[in-house]
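Novice: Task: produce atomic coordinates for the following.
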Amino acid sequence: MRRRVLLVDDEPGIRSGIRRLFEAHDIAVDEAADCATALELFRDRRPDCCLADYMLPDGTALDLLPRLQAIDPDLPVVVITAHGSIDLAVRALKLGAENFVTKPIDLPALTVIVERAVERYRARRSEAADRSRARRSQPDPFLGDSAAIRRLRDECERVVGAEAPLLLLGETGVGKGVLARWLHDHGPRAGEPFVDLNCAGLVRDFLETELFGHQRGAFTGAVSNRQGLLEIAHKGSVFLDEIGDMDPRVQPKLLKVLEEKRFRRLGESRDLQVDVRLIAATHQNLQHLVRDGRFRQDLYFRISTVPLEVPPLRQRGDDVLLLAERFLAELAPGRDMSLADDAREALRRYSWPGNIRELRNVVERAVLLARSPRLGRRDLRFEAETHPLVADDDAEPQQRRGAGDLAGLTLEQVEIAHIRAALDAEEGNVSRAAARLDVPRSTLYQKLKRFGIERPGC
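Specialist: Predicted coordinates for the structure are as follows:
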């Protein structure tokens with residue numbers, strides 16, 4: 001993304017000279033002659049650095065600096081003055097100025113100062129976006145050779161460079177989050193921040209604070225300004241998982257971000273400008289939610305320009321074996337573990353209602369509990385004992401249920417059976433069942449209520 005600087009000086013000649021120099025170095029320049037205009041431009045353009053003359057018609061650079069940093073605490077501000085003094089320099093730096101430059105300006109040196117400030121700023125933004133999770137190499141979302149995964153790979157390669165919102169569709173656990181990260185890393189915003197938020201189970205107030213941030217005093221407990229994920233992701237990508245669960249009262253605000261590229265922090269009276277690419281995901285049928293009045297039709301049309309269907313694992317044939325082997329290599333490095341023929345056959349025949357996430361859990365459990373590096377069928381403990389499991393050869397015929405037994409079931413029926421199996425296995429304990437299913441406890445409570453599932457013993 002092109003670097004952008006806000007230049008604040010009431011002398012047109014100085015602004016013109018600096019602008020020509022910066023544009024020759026591929027730095028875009030927004031010009032302001034006073035503090036008020038500078039604040040307006042900053043909200044609209046969100047530059048990477050601010051260069052401000054000390055004396056301005058409606059204040060000083062030291063008056064402007066805290067007002068800019070109240071919007072973006074990491075913004076580098078370089079103060080320029082014709083009357084340099086040690087005291088003024090110390091005051092500026094204590095307030096958070098990045099640097100202090102005296103007139104007459106050494107333009108080449110100023111260019112270097114600004115370029116380095118922008119580099120540090122972008123590095124800080126990237127670190128802020130990733131500090132909540134440890135960095136690790138991202139898995140390949142297209143590992144496999146099935147027709148379904150080849151089709152998905154082809155579609156993604158054709159749209160990865162687009163700026164339009166992307167909508168990832170597919171069952172829980174198919175790898176929508178992994179694909180979202182791949183789309184960011186291989187798109188035009190690679191290297192810029194990537195932030196993600198799971199909308200499932202989040203109440204309105206918490207969701208708004210996470211997305212939009214808040215001003216100090218916006219509500220009880222808001223003791224300081226806070227940037228939302230949209231600000232952190234500026235010039236990068238925002239991944240909203242389970243967008244179908246987003247509170248309907250928040251949906252109009254997200255639509256405004258997509259259409260106007262602006263929003264307001266909670267408690268703020270003015271809009272902030274933001275440039276993000278939205279990647280949304282859901283396992284639900286959004287058209288049904290629109291019909292039921294639970295999802296805005298205009299937001300649906302805005303985010304569904306480029307829908308990408310991520311196939312369930314049961315439609316990917318022998319891809320399950322490639323994925324299982326990859327998980328073995330990741331989970332048991334240096335142990336040279338492998339799959340016996342009966343284990344491979346069991347993996348093929350199981351219908352995987354929990355998809356790739358469930359497969360990883362099965363392999364990890366086998367790695368932890370197996371007594372031999374050669375994993376057999378008896379080392380594989382599947383989650384859903386009540387459906388599509390390959391039974392041992394000595395099981396009773398009526399207990400054997402293969403993948404074909406699910407042909408007449410809807411996805412909702414399979415999900416209900418999977419949840420009941422987890423609850424039974426954990427004796428009705430919702431926290432442990434949620435951990436077994438690898439979903440937040442709030443999500444599981446929502447599904448229990450929606451499907452009318454009663455916990456054992458209740």
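
Novice: Tell me how many other residues surround residue 421.
Specialist: Close neighbours of residue 421, defined as other C-beta atoms under 10 Å, add up to 21. Any C-beta I mention is one placed from the backbone N, CA and C, and that applies to glycine too.

Novice: average model confidence for the helix or strand where it lies?
Specialist: If you go by DSSP states H and E, residue 421 is part of helix 411-425. Summarised as a single mean, pLDDT over helix 411-425 is 79.

Novice: Which positions in the helix or strand following that helix come out as buried?
Specialist: Next along the chain after helix 411-425, taking DSSP H and E as the criterion, comes helix 430-437. For helix 430-437, a neighbour-count test (16 or more other C-beta atoms under 10 Å) marks 433-434, 436-437 as buried.

Novice: about what we covered before: could you give the angle of the helix holding residue 421 to helix 430-437?
Specialist: Angle of helix 411-425 versus helix 430-437, following axes from the mean of the first three to the mean of the last three C-alpha atoms, to 10 degrees, is 120 degrees.

Novice: secondary structure class for residue 287?
Specialist: helix (DSSP: H, G, I helix; E, B strand; the rest coil).

Novice: what's the closest non-adjacent residue to it?
Specialist: residue 300 (7.3 Å; C-beta to C-beta, 6 or more residues apart in numbering).

Novice: ditto for residue 363
Specialist: residue 327 (4.2 Å).

Novice: Touching, that neighbour and residue 360? I think so.
Specialist: Yes - counting by C-beta atoms under 8 Å, residue 327 does reach residue 360; the two are 5.2 Å apart.

Novice: Give me the contact list for the helix or strand encompassing residue 19.
Specialist: If you go by DSSP H and E, residue 19 is part of helix 12-24. Here helix 12-24 makes contact (C-beta atoms under 8 Å, 6 or more residues apart in numbering) with 5, 7, 9, 28-29, 31, 33, 51, 53, 105, 107, 110-111, 114.

Novice: Then stretch 318-325?
Specialist: Contacts for stretch 318-325 (C-beta under 8 Å, 6+ apart): 143-146, 149, 313, 339, 344, 347-348, 352, 356, 359, 363.

Novice: ok so, going back, and the helix holding residue 19, average pLDDT?
Specialist: 92.

Novice: before we move on, what about stretch 163-176?
Specialist: 95.

Novice: again, but for stretch 449-458
Specialist: Here the average pLDDT along stretch 449-458 is 72.

Novice: How about stretch 94-112?
Specialist: 89.

Novice: Start and end of it, how far apart?
Specialist: 22 Å (C-alpha to C-alpha, to the nearest Å).

Novice: now swap in stretch 29-49 and tell me
Specialist: 10 Å.

Novice: And for stretch 75-88?
Specialist: 20 Å.

Novice: Grab the most central residue of the chain for me.
Specialist: residue 196 (1.9 Å; C-alpha atoms, centre = their mean).

Novice: partners of the residue nearest to that one when sequence neighbours are not counted in the sheet?
Specialist: Counting by C-beta to C-beta, 6+ apart, residue 196 lies nearest to residue 239, which is 4.0 Å off, once chain neighbours are set aside. Assessed by DSSP bridges, residue 239 has beta-bridge partners residue 196, residue 279.

Novice: quick one, what contacts residue 239?
Specialist: By C-beta under 8 Å, 6+ apart, the neighbours of residue 239 are 177, 180-181, 184, 194-197, 279-281.

Novice: nearest to residue 69, of these?
Specialist: residue 195 (20.7 Å; C-beta to C-beta).

Novice: Go ahead and confirm residue 283 touches residue 171.
Specialist: Yes - counting by C-beta under 8 Å, residue 171 is a contact partner of residue 283 at 5.3 Å.

Novice: The stretch 351-458 of the chain: helices as residue ranges?
Specialist: With DSSP state H, counting those that start in this stretch as the criterion, the stretch 351-458 of the chain has helices at 355-369, 411-425, 430-437, 441-451.

Novice: One more: the stretch 51-200 of the chain?
Specialist: 61-71, 86-94, 107-130, 147-159, 176-185.

Novice: Looking at those helices, spot the one closest to residue 307.
Specialist: helix 147-159 (9.4 Å).

Novice: Mind giving me the packing neighbours of that closest one?
Specialist: Other elements packing on helix 147-159 under the criterion 3 or more C-beta pairs under 8 Å, 6 or more residues apart in numbering; DSSP states H and E are helix 176-185, strand 306-309.

Novice: redo that, cut-off 6 Å
Specialist: Packing contacts for helix 147-159, counted by 3 or more C-beta pairs under 6 Å, 6 or more residues apart in numbering; DSSP states H and E, involve no helix or strand.

Novice: ok so, going back, would you agree the residue nearest to residue 363 falls within a helix?
Specialist: Yes - under three-state DSSP, residue 327 falls within a helix.

Novice: any idea how far it is from residue 16?
Specialist: 60 Å (C-beta to C-beta, to the nearest Å).
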